[in-house]
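Q: how does the following fold in three dimensions:
(one chain, ligands or ions: 1)
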Amino acid sequence: MEQRTDIKSLLEWYIEAGVTESCGSEAGLVTVQPESKPAPSAVPSATKGGAVQNDEILYQRVPVASRQAISNLAQATPEACKNARELCDKALSLEQLREIVENFEGCALKFNAKNTVFGAGNDKARVMIIGEAPGADEDRIGKPFVGRSGHLLEKMLNAIGLNREEVYITNVLPWRPPGNRTPTDGEVAVCLPFLKKQIELIKPQIILLLGGSAANALLDNNEPISKLRGRWLEYTSIDKSKIAALASFHPAFLLRNSAQKGKAWVDFLRVLKKLKEN
Ligand code: URA
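A: Numbering: from 1, shown residues only. Now for the predicted structure:
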């Protein structure tokens, strides 16, 4: 009976702390949203033995120190942003940047992710494609756009005569948000320097922004993708150079709304036209 009470209070604490999902098979892997509260000073004693099965949901034990660390990290956004920017300033190549991102500990998403999903493709690409964040397949494999959305993206690229080795594909976030939830503003702000640095190093002629998160993050606005898509916009790189940017629907959205594929096709044709002009 006492054990049941302790388990209940642990679960209540997880919910209160903003835990949205558990993952992995080892104790210590939980997901905490950035707004989460600091951990209480003590863990209910009967939960110290390990994971607890509750219907289909597996809630796992996290040591107090880890919970406090994740919680602190999630709240340290301004400092983490500054840290990310300063680290990016030091990167002279994509490889150096990849290492920086892989070692970065200022984004709480990293602690639940299986892999850091850095950009992939041609480092001299004329076209850079930016999505939102890795999904389950990308998290497992460690490469961007390798799941269902990636297959659709590949087909669309092929249809305008491009393949994924010719372009560079990346995401706003290098770590999967649990349950594929929309990234928070804080997560985007912390990870944006990594994306901007990739753009500065690759110097693409065209940036194709897939979905509202990528378009809003890079163009620094809040307009819905339905309004932003389909017209040429401009992105100012860190080195002040101007890059043509086009927003379009995210492939995951197209998989759910096939009636919108025609509009995305028009957008891809715009990219092809621009490539031919330059
Ligand atoms: N969706 C994205 O935005 N990026 C990926 O890499 C995969 C799915």
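
Q: any residues of the stretch 151-278 of the chain in contact with the ligand? List them.
A: For the stretch 151-278 of the chain, the residues in contact with the ligand (C-beta under 6 Å from any ligand atom) are 171, 252. Every residue, glycine included, has its C-beta placed from N, CA and C.

Q: which residues in the stretch 151-278 of the chain form helices?
A: 185-202, 212-219, 225-228, 251-256, 261-277 (DSSP state H, counting those that start in this stretch).

Q: can you tell which of those helices is closest to residue 119?
A: helix 185-202 (5.3 Å; C-beta to C-beta).

Q: count of neighbours near residue 83?
A: Neighbour count for residue 83, taken as other C-beta atoms under 10 Å: 16.

Q: do you know how far it is from the ligand?
A: 24 Å (C-beta to the nearest ligand atom, to the nearest Å).

Q: before we move on, what about residue 275?
A: Distance from residue 275 to the ligand, by C-beta to the nearest ligand atom: 22 Å.

Q: and that residue, how many neighbours?
A: When neighbours are defined as other C-beta under 10 Å, residue 275 has 15 of them.

Q: what sits against it?
A: Applying C-beta atoms under 8 Å, 6 or more residues apart in numbering to residue 275 gives the contacts 126, 127, 205, 206.

Q: again, only this time at 7 Å
A: 126, 206 (C-beta atoms under 7 Å, 6 or more residues apart in numbering).

Q: do the same with residue 138
A: By C-beta under 7 Å, 6+ apart, the residues touching residue 138 are 117, 144, 145, 146, 147, 176.

Q: is it possible to get TSV of the residues you listed that adds secondary structure and neighbour count?
A: Listed next are the contacts of residue 138 as TSV, based on DSSP: H, G, I helix; E, B strand; the rest coil; neighbours: other C-beta atoms under 10 Å:
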residue	secondary structure	neighbour count
117	coil	27
144	coil	27
145	coil	26
146	coil	21
147	coil	20
176	coil	26
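
Q: which of these sits closest to residue 243?
A: Using C-beta to C-beta, residue 144 comes nearest to residue 243 of these, at 19.3 Å.

Q: just give the closest residue to that closest one, not the sequence neighbours.
A: Computed as C-beta to C-beta, 6 or more residues apart in numbering, the closest residue to residue 144 that is not its neighbour in sequence is residue 169, at 4.9 Å.

Q: the one you found: how many residues sit nearby?
A: Residue 169: 25 neighbours (other C-beta under 10 Å).

Q: hey, what's it bridged with?
A: residue 120, residue 129 (DSSP bridges).

Q: didn't it look like it was pressed against residue 119?
A: Yes. Counting by C-beta atoms under 7 Å, residue 119 is a contact partner of residue 169 at 6.4 Å.

Q: shared neighbours, those two?
A: In contact with both residue 169 and residue 119: residue 144, using C-beta under 7 Å, 6+ apart.

Q: what's the neighbour count on the spatially closest residue to residue 195 that is not a sequence neighbour?
A: Counting by C-beta to C-beta, 6+ apart, residue 195 lies nearest to residue 172, which is 5.8 Å off, once chain neighbours are set aside. Residues contacting residue 172 under the criterion other C-beta under 10 Å number 23.

Q: quick one, what contacts residue 172?
A: 130, 132, 133, 183, 188, 191, 195, 213, 214, 217 are the contacts of residue 172 under C-beta under 7 Å, 6+ apart.

Q: what about it, distance to residue 277?
A: According to C-beta to C-beta, to the nearest Å, residue 172 and residue 277 sit 28 Å apart.

Q: go on, residue 82?
A: 39 Å.

Q: quick one, phi/psi of the residue in the stretch 51-200 of the chain positioned nearest to the ligand?
A: Going by C-beta to the nearest ligand atom, the ligand is nearest to residue 131 of the stretch 51-200 of the chain, at 2.8 Å. Residue 131 has phi and psi values of phi -100, psi -160 when expressed as degrees, to the nearest 10.

Q: thinking it is in contact with residue 171, fair?
A: Yes. Using C-beta under 7 Å, residue 131 is in contact with residue 171, at 4.7 Å.

Q: and the next element down the chain from the host helix or strand of residue 86?
A: Assigned by DSSP states H and E, residue 86 belongs to helix 77-90. Counting by DSSP H and E, the next helix or strand C-terminal to helix 77-90 is helix 94-103.

Q: excluding covalently adjacent residues, which one is nearest to residue 107?
A: Distances taken as C-beta to C-beta, 6+ apart place residue 190 nearest to residue 107, at 4.8 Å, with adjacent residues excluded.
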